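Enquirer: I would like to see how this sequence folds:
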Amino acid sequence: MRIAVGLGKENVEARLERQGVSRRDFLKFCSMVAVTMGMGTGFAEQVARALTMPRRPSVVYLHNAECTGCSEALLRTGQPFIDELILDTISLDYHETIMAAAGEAAEAALEQAISAPEGFICVVEGAIPTANEGKYGYIAGHTMLDICGRILPKAKAVVAYGTCAAFGGVQAAKPNPTGAQGVNECFGAKGIKAINIGGCPPNPLNLVGTLVAFLRGDNIELDANNRPMMFYGSSVHDQCERREHFDNGEFAPSFDSEEARNGWCLYELGCKGPDTMNNCPKVKFNGTNWPVGAGHPCIGCSEPGFWDKLSPFYEN
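Expert: This is a model prediction of the structure:
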């Protein structure tokens, strides 16, 4: 297959090849996205077409109370790298961490993006401080609460990227002095229904897959926590490569033992895999590894309120 969708004087394929991304690498990435979405490698062509639309979708990325770890995970996506692929197939018009503009120029870029007639997708990272009228978080003289309240209703779709944006995260842990809330908790009563991509940080492929599904016009099936079922439809434990030892009643006698590092179930060491919905064992990070694969119990980071409900992390 040859992707050749026009973007002005230079089509997407030419732009990617100029960045060092071959057609083979691009289609390999599309196959990874298709598999992550549960569609199989045969749907790679459809994913490719969604990512190479004639008009690149405009994305506005807002930051609230967070550590920027979700952006860091996204920026460290490899094979191909994020700047070689995603930034050439979407129009990331506003992102405070990586944009070159600052001050009034940055604010002007934001206003231009949210006023575009073709609309935009809004990705939100971080919890929203609501206590004292949102005065625990300001950007450019405006509270994060006010910024989200003004921009989110204008978006064609809202994606809460990461557990902080989805469910409040560590900012909402007891005693939650800033009144931090996730997007839907904060604005659900006002008609906002964000798609939650849980994780601390989430796997970037889950975000890319969500954007692809939206661009394809798919009906995205969500679970009770507004997470896409294609990524959060099974528990970590049910997909884990160590599960066979759990089924056999075998547990690692010591976290530091050689057996614990070579296939033993970590449930008795505090693993929250049975209570956590995510695709980490299947997708992994950059296709290479994930916490349990590295010998560390799952801490349930994609679940609502995991800082309070699933801690202490090393006790059942």
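
Enquirer: what number of residues lie near the closest residue to Cys271 other than its chain neighbours?
Expert: Nearest residue to Cys271, sequence neighbours excluded (C-beta to C-beta, 6 or more residues apart in numbering): Pro297, at 3.6 Å. Heads up, the C-betas are built off the backbone N, CA and C, glycines and all. Counted by other C-beta atoms under 10 Å, the residues lying close to Pro297 total 21.

Enquirer: report the secondary structure state of Pro297.
Expert: coil (DSSP: H, G, I helix; E, B strand; the rest coil).

Enquirer: please tell me the pLDDT value assigned to it.
Expert: Pro297 carries a pLDDT value of 91.

Enquirer: ok, now Cys67?
Expert: For Cys67, the predicted pLDDT is 94.

Enquirer: check which helix or strand it maps to.
Expert: Using DSSP states H and E, Cys67 sits in no helix or strand.

Enquirer: measure the residue nearest to Ser58 when sequence neighbours are not counted to Pro204 for me?
Expert: The shortest distance from Ser58 to any non-neighbouring residue, by C-beta to C-beta, 6+ apart, is to Phe120 (4.1 Å). Applying C-beta to C-beta, to the nearest Å, the value for Phe120 to Pro204 is 20 Å.

Enquirer: which of the two has more neighbours?
Expert: Pro204 (24 against 21).

Enquirer: would you agree that one is in contact with Ser71?
Expert: No. Pro204 is not in contact with Ser71 according to C-beta atoms under 8 Å; the separation is 9.8 Å.

Enquirer: mind checking the SS state of Leu62?
Expert: Per three-state DSSP, Leu62 ends up strand.

Enquirer: quick check: beta-bridge partners of the closest residue to it other than its chain neighbours?
Expert: In space, and not counting its chain neighbours, Leu62 is closest to Val124: 5.0 Å by C-beta to C-beta, 6+ apart. On the basis of DSSP bridges, Val124 is bridged to Leu62, Ala160.

Enquirer: so where do the helices sit in the stretch 1-150 of the chain?
Expert: Assigned by DSSP state H, counting those that start in this stretch, the stretch 1-150 of the chain shows helices spanning 12-18, 23-36, 44-51, 69-75, 86-89, 103-114, 131-134, 144-151.

Enquirer: could you tell me the least trusted of those helices?
Expert: helix 86-89 (a mean of 55).

Enquirer: poorly predicted segments of the stretch 51-200 of the chain, please.
Expert: Residues of the stretch 51-200 of the chain that meet the criterion pLDDT under 70 lie in 51-57, 78-90.

Enquirer: re the thing from before, how about the residue nearest to Ser58, what does it touch?
Expert: Pro57, Ser58, Val59, Val60, Asp93, Ala113, Ile114, Lys154, Ala155, Lys156 (C-beta atoms under 8 Å, 6 or more residues apart in numbering).

Enquirer: now with 7 Å, please.
Expert: Ser58, Val59, Val60, Ala113, Ile114, Ala155, Lys156 (C-beta atoms under 7 Å, 6 or more residues apart in numbering).

Enquirer: how near is the nearest residue to the fourth one once chain neighbours are set aside to Pro228?
Expert: Read that as Ala113. Closest residue to Ala113 apart from its sequence neighbours, by C-beta to C-beta, 6+ apart: Asp93 at 3.7 Å. Here the distance between Asp93 and Pro228 works out to 24 Å (C-beta to C-beta).

Enquirer: more neighbours, these two?
Expert: A side-by-side neighbour count of Asp93 and Pro228, using other C-beta under 10 Å, places Pro228 first with 23 against 18.

Enquirer: now the residue nearest to the more buried one when sequence neighbours are not counted: how far from Phe214?
Expert: In space, and not counting its chain neighbours, Pro228 is closest to Ile220: 5.4 Å by C-beta to C-beta, 6+ apart. Distance, Ile220 to Phe214, by C-beta to C-beta: 7 Å.

Enquirer: check Asn64 too.
Expert: Relative to Phe214, and taking C-beta to C-beta, Asn64 is found at 22 Å.

Enquirer: when the two are compared, which one has more neighbours?
Expert: Between Asn64 and Phe214, Asn64 has the larger neighbour count (other C-beta under 10 Å), namely 26 against 17.

Enquirer: just checking, that one touches Val123?
Expert: No. Judged on C-beta atoms under 7 Å, Asn64 makes no contact with Val123 at a distance of 11.5 Å.
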